[in-house]
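> Whatever this is, show me its structure:
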Amino acid sequence: MLDSIYVGMTGLAGYAKGLRVIGNDTANLNTPGYKGSTLQFADLFYAASSSSGEQPERLGYGLQTGGTQLDMRQGELRQTGNDFDLAVDGEGLFVLRNEAGETRYTRAGQFEFDQAGVFVNRLDGSKVMGLDAAGQRTGIRLDGLRSIDGEPTNSARFTGNLSSTVPDFTASGVKVFDAIGEQHELTVKFTPVADSVGAWNVDVQEAGSSVGTGQLVFVDGKPTEASAKLSFSFQPAGRSARQLTLDFSSDVTSFASGDLSTLAMSSQDGRAPGTLSKVSFDDSGALVATYTNGATAKGARLELARFRSADGLQQAGGNQFAAAEGAEPETGAAGEAGFGAVRSGVLEMSNVDLSREFTDLVVMQRGYQASSQVITTANDMLQELFRMKAK
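Just a heads-up that it's a prediction; the model follows:
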C-alpha cells in the first residue's frame, strides 16, 4: 500500500505541474507573441517481482514529467494602426540586444524609436537589431535620415499643344531647383521664326532676364528629334552653372488650334531639401524614411532569426526567448527563404487555443482526482490492516 501511496503522489505532483502549465497559457491568452507550451508526461521506472504465473510482474512507480514543449505555430495577426507595431508572417523572430549585451528573440514586435532615435523594444528598451547594406548586424537608428538634400533639376518635361496660329506663346510657372535645392520660377517664351514654317525661337527667362535660348522645330505638327530637347547652361546668381534640358520629345504637338495653346511643364527631376515626416517598414523589413518634399530613403533592414526546431528556444519572460544551450540560429532578413515577410501596423497575438486548454484542464482535474482517490484507498486499506492486527 505504501508503494500505491507513492504512485498516487507522483500523479498529484505531475497533474499539479500540468495545471500550472495550462494556467500559464490561459493567463497569457492576450499576450502578443506568446507561444503556448505542453507538459510532457511519461511513466516512471518499473520493478520486477516474482510471479507464480507465466507472465512476469512489472510494477510501475507512477508518473514523471519530461519538460515542456513549445508550440511555435503562428498566432493571429491583429491590426493596431501603429506603424511601429511589427509582425513576422513566417518563421522568423526579431532579434533584440538588451543592456547586458545578451541576445534575445521575440515574435512580439512592440517597438518604438526612443528619444535618441534608436529603434527599441517598448517593454524593456532592448535594441532591435538590423542589417546594414553589407549584411552586418547593426542597430536601427535615425541618424543620417532626419533630412534629405535637395537635388538640382536636370530635365524639365513639357506636354501639350503649341498652337501653330498664334503670334507667340509664353509658358509660365516653370519651377526648377538649383544645386542647393532653391526653387527658381522660369518663363519660356515661344516666338515663330520668320519665313520658316514650324520653327519657333525659345527664350527662357528668370525675372525678366534671359537665361537660355534655343530653337524648336515642328514637322507635320511633331517636334524634330534634333530640336526636341533644348539644353542650355543655367547659372542662377551665386550658384555654379548646370546644364538644364527642356524636353519636348513626347506628347508635344503644334497643330492649328486658334488662340488656345496648352503647352506647359508636366514634370521635372529636381527637388527641394526635405525633413523627415514619417518612418515605416516595408515587407522586406527595410526602414523607409519619407520626407516633406515627397522623397523617400531606405535605412537598415530588420534582422530575423530562425531555429531548426522549437527545442532551440527557451522562454526568457517579457515576450522574449533565449537560445537554448548549444542552439545556433540562422539569421537573415525578411523575404529571404524561410524567414517570412514583415507586416507593419499589426501585432501577432498569442497562439493559445482556449478550447484545447479547457479540454486539457478537465483531463488534469480528473487525473488529479483519480490520483488522490488512489492515495485515499491505499490509506483505507492500511487502516484496515492495522485494525486486523489489533484484534
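> contacts, neighbours, all on C-alpha from now
Noted.
> Name the residues of the helix or strand of the chain with the lowest mean pLDDT that come out as buried.
Each helix and strand of the chain was given a mean pLDDT (mean pLDDT, DSSP states H and E); the minimum falls on strand 46-49 at a mean of 82. By neighbour count, with 16 or more other Cα atoms under 10 Å as the criterion, strand 46-49 contains no buried position.
> can I see the domain layout of the chain?
1-72+352-390, 98-147+285-340, 155-268 (the TED database).
> Who are the packing partners of the helix or strand following the least confident helix or strand of the chain?
Helices and strands here follow DSSP states H and E; after strand 46-49, the next one along the chain is strand 57-60. For strand 57-60, the elements it packs on are strand 46-49, judged by 3 or more Cα pairs under 8 Å, 6 or more residues apart in numbering; DSSP states H and E.
> so what strands line up beside the strand it packs on?
According to DSSP bridges, strand 46-49 has the following sheet partners: strand 57-60 (antiparallel).
> Relative to Lys278, which of the domains of the chain is closest?
The closest of these to Lys278 is domain 98-147+285-340. By Cα to Cα, the value is 5.1 Å.
> quick one: terminal-to-terminal distance for the closest one?
One end of domain 98-147+285-340 sits 24 Å from the other (Cα to Cα, to the nearest Å).
> what's the closest non-adjacent residue to Leu2?
Ala378 (7.4 Å; Cα to Cα, 6 or more residues apart in numbering).
> cool, Leu131 as well?
Arg137 (4.7 Å).
> can you tell me which residues contact the residue positioned nearest the centre of the chain?
Per Cα atoms, centre = their mean, the C-alpha nearest to the average position across the chain is that of Val342, at 3.4 Å. By Cα atoms under 8 Å, 6 or more residues apart in numbering, Val342 lies in contact with Leu86, Ala87, Val88, Asp89, Phe281, Asp282, Asp283, Ser284, Gly285, Ala334.
> Now, the residues you listed that are in strands?
By the criterion of DSSP state E, membership of the contacts of Val342 in strands covers Leu86, Ala87, Val88, Asp89, Phe281.
> would you turn these into a markdown table with distance to Tyr61?
Shown next, in a markdown table, are the ones in strands among the contacts of Val342 (distance: Cα to Cα, whole Å):
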| residue | distance to Tyr61 |
| --- | --- |
| Leu86 | 49 |
| Ala87 | 46 |
| Val88 | 45 |
| Asp89 | 46 |
| Phe281 | 56 |
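> Report the two of the contacts of Val342 separated the most.
Considering Cα to Cα, no two members of the contacts of Val342 lie farther apart than Asp89 and Phe281, which are separated by 13.9 Å.
> follow-up on the earlier one: wasn't the residue nearest to the centre of the chain part of a helix?
No. Looking at Val342 with DSSP: H, G, I helix; E, B strand; the rest coil, it is strand, so not inside a helix.
> pLDDT at it, what is it?
Predicted confidence (pLDDT) for Val342: 95.
> Using PyMOL, define a selection of the buried residues within the contacts of Val342.
Restricted to buried positions by 16+ other Cα under 10 Å, the PyMOL selection for these reads:
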select buried, resi 86+87+88+89+281+284+285+334
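> Tell me which other helices or strands the helix or strand harbouring Ala156 touches.
Secondary-structure assignment from DSSP H and E places Ala156 in strand 155-161. In terms of contact count using 3+ Cα pairs under 8 Å, 6+ apart, strand 155-161 is assigned the packing partners strand 242-247, strand 252-253, strand 264-268.
> Give me whichever of these is most buried.
For the helices and strands packed on strand 155-161, the largest average neighbour count (mean count of other Cα atoms under 10 Å) is found in strand 252-253, namely a mean of 22.
> Show me what that one is in contact with.
Phe158, Thr159, Gly160, Asn161, Leu162, Phe218, Gly221, Lys222, Pro223, Leu263.
> in the helix or strand harbouring Ala370, what's buried?
Following DSSP H and E, one finds Ala370 within helix 354-390. Judged by neighbour count using 16+ other Cα under 10 Å, the buried positions of helix 354-390 are 357, 360-361, 364-365, 367-368, 371-372, 374-375, 378-379.
> Turn these into JSON lines, columns for distance to Glu185 and pLDDT.
JSON lines is the format used below for those (distance: Cα to Cα, whole Å; pLDDT from 0 to 100):
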{"residue": "Glu357", "distance to Glu185": "70", "pLDDT": "95"}
{"residue": "Asp360", "distance to Glu185": "75", "pLDDT": "95"}
{"residue": "Leu361", "distance to Glu185": "75", "pLDDT": "95"}
{"residue": "Met364", "distance to Glu185": "79", "pLDDT": "96"}
{"residue": "Gln365", "distance to Glu185": "81", "pLDDT": "96"}
{"residue": "Gly367", "distance to Glu185": "84", "pLDDT": "96"}
{"residue": "Tyr368", "distance to Glu185": "85", "pLDDT": "96"}
{"residue": "Ser371", "distance to Glu185": "89", "pLDDT": "95"}
{"residue": "Ser372", "distance to Glu185": "91", "pLDDT": "95"}
{"residue": "Val374", "distance to Glu185": "94", "pLDDT": "94"}
{"residue": "Ile375", "distance to Glu185": "95", "pLDDT": "94"}
{"residue": "Ala378", "distance to Glu185": "100", "pLDDT": "92"}
{"residue": "Asn379", "distance to Glu185": "101", "pLDDT": "92"}
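> Name the nearest of these relative to Asp251.
When the buried residues of helix 354-390 are compared against Asp251 (criterion: Cα to Cα), the nearest one is Glu357, at 67.3 Å.
> which residue packs closest to the closest one, ignoring adjacent ones?
What sits nearest to Glu357 in space, not counting adjacent residues and going by Cα to Cα, 6+ apart, is Ile22, at 6.2 Å.
> Quick one: work out the angle between whichever helix or strand the one you found is part of and helix 354-390.
Assigning secondary structure by DSSP H and E places Ile22 in helix 2-27. Relative orientation of helix 2-27 and helix 354-390, computed by axes from the mean of the first three to the mean of the last three Cα atoms, to 10 degrees: 160 degrees.
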